[in-house]
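Engineer: Below: sequence and its predicted model.
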Amino acid sequence: MPYELIEGENWKRTLKFTVEPEEAEKRYMEALKQARRLFVMPGFRPGRVPFQIVEKRLGEQIVSETVETIREEEFKKAVEEKGLKVLGSPAFDEEEPFEKGKPYRFTVEFEVEPDFELPDYKGVKVERYTVKVDEKDIEAELDSMRYKFARWVEVEDRAAREKDAVHADIAVLHEGVEIARLENHRFVLRENAFREFDIDGLVEKLSGVKAGDEREVLAVLTENFEDGSKAGEEVTLRFTVKKVDALEMPELDDEFAAKMGYDSLDSLRADIAARIEQMRLQSEEQRFRRSVVDKVIEKLDFPLPSDFLARQTEANYHRTRMRYLRMGIDIESLQDGKHIETFRENAEADAERGIKELFLFERIAEKEKIFVTESEVENEIRELAAHYGISPVKMKSELEKEGLTDQLRWDILERKVVDFLVKHADVTEVDGPAPEPGERRSEAPEETAEESAGEKAPETE
């Protein structure tokens, strides 16, 4: 059957088909005969109902099945003849509806996997950093553990300091008129303590206050203020201090270690050091393996299939949104549109890297004859089964039911390809921690240790 292949930009392809009347009629009659074999009508033996009656009753269905069969079969043959690797679902369209006795013309638009030159992937230069645990790392973890047992205690013998908890009535004055009021509001004295107000130098302006003090501070309303329309307007905040609390930490001694389930403080410190080291070793291994792949990906230079990229970006964004919904946050309802823009930018960046990684790993696996054996799949299933506490048979059944077996195979292949790249990398051992990667803009506000402790401890004793 004649067809024409048209190459578009960014790996878009269009196939144009022309089905001659004789061939179209042949396909139609095949569909009609199949329909007749299955058609049941009183007064006729099965499969013996006249064609005219079957056509009258099932005409539209027969045409639909004829068209679907022609499209699928001819598209499949053309793709195999041209050696095309189709991405996603093709889009079919017809110049005019199918009609007996006339040529049937239709087009198929789709994207194909990029055809690119595989870069040098052996001998990439990467650095592996040693892992160390300093005393300050252990102290930081100990402080974090102590915060869990900390309590807020009212202080009367000194004024407020940074990180103390201040209880105050706060009057919001706009041009001398009170427009809002917070009664006995508790906040930790630190910069950016309020979402509703932008206050320059809050710690300096409120340090030194005691119960009974009154102090006025200039502020600018943010979009989080109860009346968002006033965002950007300057106000005066009048603080009337009720009391000041300080965070009281437990003593760091053997008694504290016993509360944490250890024989002594020394054994607690040793365990913390071991856990931090193990965590950093795992983190460095992940960073190192990713850096090897990144070095190869940097060498790739070809446009990505735009529709495929758009679908992957949307899938990434949807996963991120669902993750936040499970935490009770709908990112699309956030008033700050920049957050949504950031989420989408991150989703697209992840999609771009993921797509390049996909094509790169496929090509390397093909060239180096890296493949996944059935025994490797079975071993992986056994490990998953042990992790979830179920039998390997049930684990395999669950994977097949959810359609995750192919994904499991890909995960194994991906790991083997990265192992190959790491094995052939030019590695330099570097003393010291790895440099911090470029951080993405914050996606969610962080909770301070003082606020976290405040949620768990009584305010006063």
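Structural biologist: Good, I have the coordinates.
Engineer: which residues touch stretch 37-44?
Structural biologist: 46-47, 49-50, 53-54, 57-58 (C-beta atoms under 8 Å, 6 or more residues apart in numbering). Every C-beta, even on glycine, is put in place using the N, C-alpha and C of the backbone.
Engineer: and if we set it to 6 Å?
Structural biologist: Residues outside stretch 37-44 that contact it (C-beta atoms under 6 Å, 6 or more residues apart in numbering) are 47, 49, 54.
Engineer: where's residue 220, which helix or strand?
Structural biologist: Using DSSP states H and E, residue 220 maps to strand 214-221.
Engineer: which element follows that strand toward the C-terminus?
Structural biologist: strand 234-248.
Engineer: ok so, going back, quick one: the contacts of stretch 37-44 as JSON lines, columns for secondary structure and pLDDT too.
Structural biologist: Below are the contacts of stretch 37-44 laid out as JSON lines (DSSP: H, G, I helix; E, B strand; the rest coil; pLDDT from 0 to 100):
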{"residue": "47", "secondary structure": "coil", "pLDDT": "83"}
{"residue": "49", "secondary structure": "coil", "pLDDT": "86"}
{"residue": "54", "secondary structure": "helix", "pLDDT": "86"}
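Engineer: Mind giving me the PyMOL command for buried ones among these?
Structural biologist: The following PyMOL command selects only the buried members of the contacts of stretch 37-44, with burial defined by 16 or more other C-beta atoms under 10 Å:
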select buried, resi 49+54
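Engineer: Kindly reformat the contacts of stretch 37-44 as CSV containing distance to residue 72.
Structural biologist: Formatted as CSV, the contacts of stretch 37-44 follow (distance: C-beta to C-beta, whole Å):
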residue, distance to residue 72
47, 26
49, 27
54, 23
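Engineer: Next, the angle from the strand holding residue 220 to strand 234-248.
Structural biologist: Angle, strand 214-221 to strand 234-248, by axes from the mean of the first three to the mean of the last three C-alpha atoms, to 10 degrees: 120 degrees.
Engineer: mind listing what's buried in stretch 420-435?
Structural biologist: 420-422, 425, 434.
Engineer: Between which two of those is the distance greatest?
Structural biologist: 420 and 434 (22.6 Å; C-beta to C-beta).
Engineer: From residue 213, how far out is residue 185?
Structural biologist: Separation of residue 185 from residue 213 (C-beta to C-beta, to the nearest Å) stands at 15 Å.
Engineer: how about the strands in the stretch 251-400 of the chain?
Structural biologist: Here the stretch 251-400 of the chain has no strands by DSSP state E, counting those that start in this stretch.
Engineer: Helices along that one, start to end?
Structural biologist: 254-259, 265-297, 306-325, 337-368, 374-388, 392-401 (DSSP state H, counting those that start in this stretch).
Engineer: Next, format those helices as a markdown table and append distance to residue 131, mean pLDDT and mean neighbour count.
Structural biologist: Below are the helices of the stretch 251-400 of the chain laid out as a markdown table (distance: least, C-beta to C-beta, whole Å; pLDDT from 0 to 100; neighbours: other C-beta atoms under 10 Å):
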| stretch | distance to residue 131 | mean pLDDT | mean neighbour count |
| --- | --- | --- | --- |
| helix 254-259 | 25 | 95 | 15 |
| helix 265-297 | 4 | 96 | 16 |
| helix 306-325 | 29 | 92 | 16 |
| helix 337-368 | 26 | 92 | 16 |
| helix 374-388 | 25 | 96 | 13 |
| helix 392-401 | 34 | 96 | 14 |
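Engineer: Quick one, which of these gets closest to residue 6.
Structural biologist: Closest approach to residue 6 among the helices of the stretch 251-400 of the chain is made by helix 306-325 (16.0 Å; C-beta to C-beta).
Engineer: Where does the residue nearest to residue 14 when sequence neighbours are not counted fall, secondary structure wise?
Structural biologist: Nearest residue to residue 14, sequence neighbours excluded (C-beta to C-beta, 6 or more residues apart in numbering): residue 6, at 4.3 Å. Following DSSP H and E, one finds residue 6 within strand 3-7.
Engineer: Just checking: what are the partner strands of that strand?
Structural biologist: Strand 3-7 has its sheet partners listed here by DSSP bridges as strand 12-19 (antiparallel).
Engineer: Measure how the strand it pairs with sits relative to helix 306-325, angle-wise.
Structural biologist: Going by the same axes, to 10 degrees, strand 12-19 makes 120 degrees with helix 306-325.
Engineer: Quick one: mean pLDDT for strand 12-19?
Structural biologist: Across strand 12-19, the average pLDDT comes to 95.
Engineer: could you dump that strand to CSV, C-alpha only?
Structural biologist: This file holds the C-alpha atoms of strand 12-19, laid out as CSV (Å, rounded to 0.1, in the frame of the first residue of the first chain):
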residue,chain,number,x,y,z
LYS,A,12,7.9,14.7,14.5
ARG,A,13,6.8,12.4,11.7
THR,A,14,3.7,12.2,9.5
LEU,A,15,2.7,9.2,7.5
LYS,A,16,0.2,9.7,4.6
PHE,A,17,-1.6,6.6,3.4
THR,A,18,-3.8,6.0,0.3
VAL,A,19,-5.9,2.8,0.3
